[in-house]
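# A predicted structure for the sequence below; I have some questions about it.
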Amino acid sequence: MNASEIQIDPSPALRGLACRECGQPYDHAPVHVCEMCFGPLEVVYDYDAIAKTLTRELIASRPQTMWRYAELLPLSGAPTVGAAVGGTPLLRADKLARALGVREVWVKTDGVCHPSLSFKDRVVSVALSKAKEFGFKTVGCASTGNLANSVAANAAAAGLRAYIFVPSTLERAKIVGTQVYGPRVVAIDGTYDDVNRLCAEIGDKYNWGFANVNLRPYYAEGSKSFAFEIAEALGWKTPDHIVTPMAGGSLICKIQKAWNELAKVGLLEEPPATRIHGAQAAGCAPIANAVLEGRETIKPVRQPNTVAHSLAIGNPADGFYAVRTMAETGGAAAAVLDENIVSSMQLLAETEGVFTETAGGVTVGATRELIRRGEIGKDDSVVICSTGQGLKTADPLVKKLPPPRVIAPKVADFDALERELG
Ligand SMILES: Cc1ncc(COP(=O)(O)O)c(C=O)c1O
Ligand SMILES: [Zn+2]
C-alpha cells in the first residue's frame, strides 16, 4: 500500500496536514516531509469549529484519559489503540519546593502512565491508532528506549506486528521491557541517529508505519495531551514556568502548541504566558547548547555520553523548533551533568516519593540550575516534567547507593544496628 491509495474520512475539525515552513497543504497520509521545501508536516485543525462544541464541562464529563481532548487530537474516529492512556497525576510538591527555595512546584508524573510508564504512551496511542486508520499491519520505531517499550506494549494489545530498532547500548530494563511484549527487537551497533536513518530507509522500502518517522506528524500531536492535562489540573491556567526534557525536541514544541490551542478554543482563563524551559544532559545537549551559545542552528553531537539514554539524540529532528519555542516563550536552557542528574533523581524521590527516570533527573537538575541563575524566581510557580519511570533506569543508582546492611534475624543484632545508625 502506498500513501496515494489510502482512503480515510477525516472528522469535521481535522483539516489534513500542512508544511510548517511553506504552508503547503497535504491530505492525511503517512508522510512527514514537505515535497516542496523538505519542511516538517504538521496537523491542521479548524479551531473555530472546535471552539463551538468543546467546553470545560464536556471535557470534565469524560473519562480521565488523554482522549478527553479528542477534538484536539488527529484521529478520524475513536482511538483503537491506547484507549486508557493518560490522566496521570499532577502533584503539588511542597517539600521539593522548600528544598529548591521556590513558592510553588508541581510535578507531572508520567512515570505512571499506562501501559508502559512514560509519556511516550501518549504519542504511540495516536500513532498506532492512525496506523490502523491507514491500514498498516506492521508498525515500528527508532527508539532511545521508552518509545520501544510503548510501541511494543501498545502494538501487542492492538494485534499489530511490531519491529523495534534501538541502539545496542540501551539499559537492560528498557530492552527486557520491550522484548516481553513479543515484538521483533533489533539492536543496532551505532547511535540513535544511525538507528533513525536506518528506519527511514526501512519504512520506505517495506511500507510499514513507523511511529516517529512516516507517522511523525500524528505521533507528535499526542504529546499535547501532557500539557492539556496540566492546564486542566491547574484550573485551566498555565504555570509561570515549565521545565521540559528534550531529546528530539518534539515534546517542548507540543507543550507550546497545546496551550496556544487551548487559548484559541477559549478554554484557558488567560493567554498562556508560561516560560517554557528546555533541559538536556550535558553529555548530549545539542539543543540546550544552541540556546546557551545564542545560536538558532543545532550542532549535532556525534557521540552522546550520558546516563540519560532516553534523551541521547545527537541530531534532534525538532531541535530548531525547540530553540524557537524557548525564544518565543522567554524560556531558558540548561545542560545537566550526570552526577547532578542522579542526585536530582534522589532529591525528587526523597522529598515527594516519586521515582523518576534519568530524564526526570535532568528536569529536576535543570530546575535547580535555573533557580540558581535567577531564571526562575522565588515567588514563581513551576511545573517540572517527570516523563518516565525510575525503575527502568536504576543502573546509575545501583552504582551509587550502598547495598543494605545485612544482619542476623535477631532483635539483639537489630538493637545494635539501630544504636549505630541513631
Ligand atoms: C522519558 C523521556 N522524556 C522526554 C523525552 C523527550 O522527548 P522529545 O523527543 O519529544 O524531545 C523522551 C524521548 O525519548 C523520553 O524518553
Ligand atoms: Zn514546505
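Received the coordinates, thanks. Ligands and ions are numbered 1, 2, ... in the order given.

# any bit of the strand or helix carrying Val323 sitting next to ligand 1?
Under the criterion of DSSP states H and E, Val323 resides in helix 319-329. No - applying Cβ under 6 Å from any ligand atom, one finds helix 319-329 separated from ligand 1 by no less than 7.1 Å. Glycine gets a C-beta too; all of them are placed from N, C-alpha and C.

# Repeat that for stretch 266-279.
No - using Cβ under 6 Å from any ligand atom, stretch 266-279 never reaches ligand 1; the gap is at least 8.6 Å.

# okay, how far is it across that stretch, tip to tip?
30 Å (Cα to Cα, to the nearest Å).

# List the buried residues of the helix holding Val323.
Using 16 or more other Cβ atoms under 10 Å as the test for burial, helix 319-329 gives Gly319, Phe320, Tyr321, Ala322, Val323, Arg324, Thr325, Met326, Thr329.

# Who's the closest spatial neighbour of the third one, skipping the chain neighbours?
Yep, that's Tyr321 we're talking about. Cys253 (4.9 Å; Cβ to Cβ, 6 or more residues apart in numbering).

# Over to Ala93?
Val105 (4.4 Å).

# In a strand, Leu170, correct?
No - Leu170 is assigned coil when assessed by DSSP: H, G, I helix; E, B strand; the rest coil, not a strand.

# show me the contacts for the closest residue to it other than its chain neighbours.
Leaving aside its sequence neighbours, Leu170 sits nearest to Gly145 (Cβ to Cβ, 6+ apart; 5.3 Å). With contacts defined as Cβ atoms under 8 Å, 6 or more residues apart in numbering, the neighbours of Gly145 are Val166, Leu170, Glu171, Lys174, His309, Ser310, Lys392.

# any idea which of these is the one closest to Val186?
Val166 (7.5 Å; Cβ to Cβ).

# Out of the buried residues of helix 319-329, which two sit at the greatest distance?
Gly319 and Thr329 (16.2 Å).

# coming back round to it: who wins on neighbours among the contacts of Gly145?
Ser310 (30 neighbours; other Cβ atoms under 10 Å).

# residue contacts, that residue?
Taking Cβ under 8 Å, 6+ apart as the test, what Ser310 contacts is Ser118, Thr144, Gly145, Asn146, Lys174, Ala247, Glu357, Thr358, Ala359, Gly388, Thr393.

# Which entries within these meet the buried criterion?
Ser118, Thr144, Gly145, Asn146, Lys174, Ala247, Glu357, Thr358, Ala359, Gly388, Thr393.

# Adding distance to Val124, pLDDT and secondary structure as columns, could you present these in CSV?
Below are these laid out as CSV (distance: Cβ to Cβ, whole Å; pLDDT from 0 to 100; DSSP: H, G, I helix; E, B strand; the rest coil):
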residue, distance to Val124, pLDDT, secondary structure
Ser118, 10, 98, strand
Thr144, 14, 89, coil
Gly145, 13, 94, coil
Asn146, 9, 97, helix
Lys174, 15, 91, helix
Ala247, 15, 98, coil
Glu357, 17, 98, coil
Thr358, 20, 98, helix
Ala359, 16, 98, helix
Gly388, 13, 98, strand
Thr393, 19, 95, helix
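
# where's the helix holding Val323 relative to the chain centroid, distance-wise?
16 Å (Cα atoms, centre = their mean, to the nearest Å).

# next helix or strand past it?
Assigned by DSSP H and E, the successor of helix 319-329 is strand 333-336.

# Tell me the helices and strands packed up against that following strand.
strand 275-281, helix 286-292, helix 358-372 (3 or more Cβ pairs under 8 Å, 6 or more residues apart in numbering; DSSP states H and E).

# how about that strand, does it reach ligand 1?
No - judged by Cβ under 6 Å from any ligand atom, strand 333-336 stays clear of ligand 1, getting no closer than 12.8 Å.

# for the contacts of Ser310, which one is nearest Gly209?
Asn146 (18.6 Å).

# picking up where we left off before, reformat the buried ones among the contacts of Ser310 as a markdown table; add distance to Leu54.
Shown next, in a markdown table, are these (distance: Cβ to Cβ, whole Å):
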| residue | distance to Leu54 |
| --- | --- |
| Ser118 | 27 |
| Thr144 | 34 |
| Gly145 | 34 |
| Asn146 | 30 |
| Lys174 | 37 |
| Ala247 | 30 |
| Glu357 | 33 |
| Thr358 | 36 |
| Ala359 | 31 |
| Gly388 | 30 |
| Thr393 | 37 |
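
# Format the residues you listed as a markdown table; extra columns: distance to ligand 2.
Listed next are the buried ones among the contacts of Ser310 as a markdown table, based on distance: Cβ to the ion, whole Å:
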| residue | distance to ligand 2 |
| --- | --- |
| Ser118 | 31 |
| Thr144 | 28 |
| Gly145 | 32 |
| Asn146 | 30 |
| Lys174 | 35 |
| Ala247 | 24 |
| Glu357 | 36 |
| Thr358 | 36 |
| Ala359 | 31 |
| Gly388 | 33 |
| Thr393 | 38 |
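
# among the contacts of Gly145, which two are most distant?
Val166 and Lys392 (13.1 Å).

# shared neighbours of those two, anything?
Residues touching both Val166 and Lys392 by Cβ under 8 Å, 6+ apart: Gly145, Lys174.

# mind listing what Glu229 touches?
Met66, Gly86, Gly87, Thr88, Leu90, Lys108.

# how much space between Ala273 and ligand 2?
Using Cβ to the ion, to the nearest Å, Ala273 is found at 30 Å from ligand 2.

# Need the three-state assignment for the residue nearest to that residue when sequence neighbours are not counted.
Distances taken as Cβ to Cβ, 6+ apart put Thr238 closest to Ala273, at 7.3 Å, once the chain neighbours are dropped. Under three-state DSSP, Thr238 falls in the coil class.

# from now on call the first residue 260
Sounds good: first residue 260 from here, last item Thr497.

# Alright, calling it a day.
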